[in-house]
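In: Sequence unavailable; structure follows:
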Ligand code: HEM
Ligand SMILES: Nc1ncnc2c1ncn2[C@@H]1O[C@H](COP(=O)(O)OP(=O)(O)OP(=O)(O)O)[C@@H](O)[C@H]1O
Ligand SMILES: Nc1ncnc2c1ncn2[C@@H]1O[C@H](COP(=O)(O)OP(=O)(O)OP(=O)(O)O)[C@@H](O)[C@H]1O
Ligand SMILES: [Mg+2]
Ligand SMILES: [Mg+2]
């Protein structure tokens, strides 16, 4: 297991049952540095489930997920440091302000407060940096959560419907982030119900079969 | 105050502050039977706030909202019976199945179980009627909540981002509902960040100024 | 040498996996059960008849002491049952073995019931001997706490909608409980000796003579078997419930018809 | 009307779905009582002396802690907003919710109390009164607790804030309940106290839903 | 490392933001102690006799109820998932969270205990030992409670399920804590009991975070 600079994520014959029902099976996929995977599929096709599996937050599956050639379970602590996971709901502390919330994530990647503020500003939250998050609107909370992307160093991003509640204007800066990450040689796996066609991002697509 | 068969919703010089910041002011709007109002605006422009005001769930505003010509505050119990409100998150009981959840709303409008099942079926949840809602995916939960529209008799619908987490296929039946409601002579007020242009619905638009 | 060791290990492993596989276990236990239950019946019947009818009356307690033939076996098993349960939890967590988890689930209610029975028989016994239904004696109190531990495991296991998580959570709790039981028992004993004066000691119980002892031993053996039978029955139900639409079970049912 | 039936049915279903919740108050009750001798020793006369008070305090805490969840789920999944949109039925809905809650969290306490009384060597002639007073008392406790629950539901604050709010209101019930049991233990039938407890219960049955309705509206509007 | 610092800072900020939570355990402690005389009468000698036990039971309940919220918010806003994605720091994070929790929910109990001791007319020479034993005891209680919290956080089940799970594990602490106070009241210095309490605390400090980590993973994966 050589720690190669060029990250790669490989999904091999992944299979997952929920309850009695088969969710997906035989999912194969190889992502190399600088690639973005759009996991598409109808409601209930298993996108969230897949992302949680990739993030190591769900273990009831068969098949294997390889990161830089090694199974993520064996190298979990190492792998965990490489991933940024953003779930259906933004992981924010309602009592803390947008800035304070980001500071915690920033410390994990030692980022300066200036960077945080510029990130928030880029997402149009300049006037909202200092009010507690529970007073932010749905979309503003999303934006705050997405601000992490602006200064994240993680090699692998796992984003579950990042654009929910985001208005038309809000797309541009986020797309910009995604492009940067790709150019930087990172990997992105994301789901979204906003058609990828009208946001020009180079991407692979993995379509999960409709749930019965 | 004559109970006219043709409902009408009138917003007069509505004004709302949140904290120090002025959210919107001088909002005027008149909706007659069979009209759909799309409340648009950036994140944080006050759409949710407006809808909650119309639903009588928030009272810190000045100006007045008239239903059939009378202020909604004076005739609250009467008005409440006419409205259906669907907030940012679907009001479902995680422990109960989709059918059981709907049965409660149905009883409120004495609907038969057949209608419930056909409603769920129309939204592609035939196979999911009998598993507890917490096991449904984000989109499936949305759909379950939206199934209420299928048998709702309410004159006024207030829908906050009904299409969140709904996949491309899911739009058609919901749009169908909205059309029916309009033809039926009902009124709809909704917010959404999915552009209205590509869903052909006759609608007025009310744009709230961007939050500073 | 190494070779040999490896063999032993591999044999163990295969044995382990066999027992881990629901189909195999289901069929084996199916074959085993009849014999077990017959043996259990024999032991318990003889023990009971001997103990109640033929064993001599106790000098001090008269006939009331005969409840010991129910009370003591039940009490032993109540405690042993918890350790078995925790052990199953351990195995389940380490090897991710479904069967072990189901064993835990099956053992919990039985153990709780036995503990309750120990408490009931004990207090029934207490009435004639101590003149009260309840006595804050060390062992009795520990028994009560053991009952709480069982309750906790059961409540937690059933609280989760996702049964796998429920199993794991319950296992963790059972293990924590097992680590704590010695501490709890020791501290309760110590506490009780603090309050000596207040409560009678259980050692005022009859010193058991051989003629009384043999039926007791038989009863204890019988109850261990009874426990095994109950556990197997309960476990088989769980297997049926959890594997209801797995292929081997369908096939089995088809054969049966 | 049929809405109330539907609500009753739904609450009933929910209660059974989370049956694990239902046993918890009883278990808690039992455990607190078991803790007392571990804390203060096993002197029978002493235990008997404090038994009524302890039983009542424990029952009070158990009902207090269980009532905390009364509206929490409804608030989280925003069903509460839907309730408020049924202004005419709201009173009935609240009433039904509290009733079902009592059936699953209050009644079991009453039924198990004789056992615990015995464990604290409470004279057995006091048992019937203990049960009766608890039956009347827990109704009031659930209804008063519901007020606290409605006021605190919008703040995610564990079981403690509600405790701080509600406990003072519980005190009259506690005093009359405990003293009723004490008298009964002394062989006197505490008609007066029981009457008071009954009066409290009736009062609470009538009024507390009104306060709860106000509280719920505040919670939603906040 | 700097993550741990950040976590510490954040927990600290949060604790101050919801200061209302922090005072609740104390208020609860105070109220339960205030209820006891109402329940069992005000005979001084009797109160003094049961004071140590009552104080300890009350403190135990207060800490139990406050620990319920330890991970609840983290779970609701899915911060917990983010914690699990820091496997190397997880142990430290848990440790810090419990520590801060103790500072705000455990320590205040210790500091206010003399007052309550006086209210129950506990001989004043027992006060220092009472405080010391509570200080050692509450640490163990918080750490044991954290296990229960982690196992129940994913179920929205009020404060009661965790009580059923955790109370039995609290018993040794209760026994030694109470008896330490009793002995001190009798004028003997309870070296043995205090040593035991210390030992419990150390054991819990080392082991419980490991169990909690397992519990949290189960909660997230469920
Ligand atoms: C609620 C009441 C009681 C409970 C919970 C209880 C519990 C127990 C337990 C747990 C044991 C097994 C001891 C072990 O594991 O080594 C036991 C054994 C025994 N109990 Fe009880 N007991 C109770 C009342 C009584 C009474 C009232 C008597 C008679 C005076 C009694 C006499 C015995 C005897 C003779 C044994 C077997 C001898 C021995 O193991 O030392 N018990 N009891
Ligand atoms: N309690 C409060 N105190 C101060 N400001 C608040 C409070 N609640 C909401 N706000 C502000 O009100 C504004 C409007 O919020 P609202 O949820 O109505 O926006 P929205 O139009 O629904 O946005 P979105 O499209 O993201 O849903 C936001 O900017 C928010 O910061
Ligand atoms: N615990 C469970 N038991 C049974 N089925 C489950 C469970 N959890 C999820 N499911 C099923 O798994 C399927 C996939 O859920 P998932 O959230 O991954 O879908 P999704 O692709 O994210 O859908 P959406 O686009 O709506 O987010 C759903 O059909 C759901 O019913
Ligand atoms: Mg999803
Ligand atoms: Mg909104």
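Out: On my side now, so go ahead. A quick note: this is a predicted structure, and the numbers were derived from the prediction, not measured. Residues are numbered from 1 along each chain as shown, chains lettered A, B, ... in the order given. Ligands and ions are numbered 1, 2, ... in the order given.
In: Under the pLDDT cut-off, which ranges of the chain? List them.
Out: No chain was given, so I picked chain A. Applying pLDDT under 70 to chain A picks out residues A:1-5, A:210-212.
In: not what I meant, chain C
Out: In chain C (pLDDT under 70), the answer is C:1-6, C:59, C:195-209.
In: Which single residue of it ends up nearest chain A?
Out: Proximity of chain C to chain A (Cβ to the nearest Cβ) peaks at residue C:245, 6.0 Å away. Heads up, the C-betas are built off the backbone N, CA and C, glycines and all.
In: Does that residue belong to a helix, a strand or coil?
Out: coil (DSSP: H, G, I helix; E, B strand; the rest coil).
In: Need phi/psi at it.
Out: Main-chain torsions, residue C:245, degrees, to the nearest 10: phi -110, psi 40.
In: Would you mind measuring from it to ligand 3?
Out: Spatial separation of residue C:245 from ligand 3 under the definition Cβ to the nearest ligand atom, to the nearest Å is 14 Å.
In: That residue: neighbour count?
Out: 8 (other Cβ atoms under 10 Å in any protein chain shown).
In: ok, so what distance separates the residue nearest to it when sequence neighbours are not counted from ligand 5?
Out: Spatial nearest neighbour of residue C:245, chain neighbours left out: residue A:20 (6.0 Å); criterion: Cβ to Cβ, 6 or more residues apart in numbering or on different chains. Separation of residue A:20 from ligand 5 (Cβ to the ion, to the nearest Å) stands at 37 Å.
In: what about residue A:20, neighbour count?
Out: Residues near residue A:20, counting by other Cβ under 10 Å, number 9.
In: separation between it and ligand 3?
Out: Going from residue A:20 to ligand 3 by Cβ to the nearest ligand atom gives 8 Å.
In: Phi and psi next, for that residue.
Out: Dihedral pair for residue A:20: phi -80, psi -20, per degrees, to the nearest 10.
In: again, but for the one 3 residues further on
Out: According to degrees, to the nearest 10, the main-chain angles of residue A:23 amount to phi -80, psi -60.
In: just checking, it touches residue A:48?
Out: No - with contact defined as Cβ atoms under 8 Å, residue A:23 does not count as touching residue A:48 (10.4 Å).
In: what about the lengthiest helix in chain D and chain B, touching?
Out: Across chain D, the longest stretch assigned as helix under DSSP state H is helix D:191-221. Yes - counting by Cβ under 8 Å from any Cβ of the partner chain, contacts between helix D:191-221 and chain B involve D:220-221.
In: helices or strands up against that helix?
Out: Contacts defined by 3 or more Cβ pairs under 8 Å, 6 or more residues apart in numbering or on different chains; DSSP states H and E place helix D:191-221 against helix D:79-84, helix D:87-101, helix D:127-152, helix D:160-185.
In: host element of the closest residue to ligand 1 within the stretch 1-150 of chain C?
Out: In the stretch 1-150 of chain C, the residue that lies nearest ligand 1 is residue C:122 (2.1 Å; Cβ to the nearest ligand atom). Residue C:122 is part of helix C:98-130, with elements assigned from DSSP states H and E.
In: what helices or strands is that helix leaning on?
Out: Judged by 3+ Cβ pairs under 8 Å, 6+ apart, the packing partners of helix C:98-130 are helix C:2-20, helix C:22-49, helix C:68-95, helix C:138-159, helix C:163-194, helix C:210-242.
In: For chain C, what lies in contact range of ligand 1?
Out: With Cβ under 6 Å from any ligand atom as the criterion, chain C comes near ligand 1 at residues C:68, C:71-72, C:75-76, C:79, C:118-119, C:122-123, C:125-126, C:129-130, C:139-140, C:143, C:202, C:205.
In: now the residue of chain A found nearest ligand 5, nearest residue through space, not along the chain?
Out: Nearest to ligand 5 in chain A, going by Cβ to the ion, is residue A:138, at a distance of 4.5 Å. Nearest residue to residue A:138, sequence neighbours excluded (Cβ to Cβ, 6+ apart): residue A:165, at 4.2 Å.
In: Now name the helix or strand holding the residue nearest to residue A:71 when sequence neighbours are not counted.
Out: Excluding the flanking residues, the one nearest residue A:71 by Cβ to Cβ, 6+ apart is residue A:64, at 5.3 Å. If you go by DSSP H and E, residue A:64 is part of strand A:62-67.
In: next structured bit after that strand?
Out: Counting by DSSP H and E, what follows strand A:62-67 is strand A:70-71.
In: Read off the pLDDT value for the residue located most distally from the centre of chain D.
Out: Largest separation from the mean C-alpha position in chain D: residue D:43, at 29.8 Å (Cα atoms, centre = their mean). Looking at residue D:43, its pLDDT is 83.
In: what's the burial count for the closest residue to residue C:55 other than its chain neighbours?
Out: Of all residues not flanking residue C:55 in the chain, residue C:212 sits nearest, at 5.0 Å (Cβ to Cβ, 6+ apart). The number of residues packed near residue C:212 is 20, by other Cβ under 10 Å.
In: Are stretch C:143-158 and chain B in contact anywhere?
Out: No - figure legend: stretch C:143-158 not in contact with chain B (Cβ under 8 Å from any Cβ); closest approach 13.2 Å.
In: Sorry, slip of the keys, the one I care about is stretch A:40-51.
Out: Yes - using Cβ under 8 Å from any Cβ, stretch A:40-51 reaches chain B at A:41-44, A:48.
In: In contact with the residue of chain D found nearest ligand 1: list those residues for me.
Out: Across chain D, the shortest distance to ligand 1 (Cβ to the nearest ligand atom) belongs to residue D:119, at 9.7 Å. Counting by Cβ atoms under 8 Å, 6 or more residues apart in numbering or on different chains, residue D:119 touches C:134, D:33-34.
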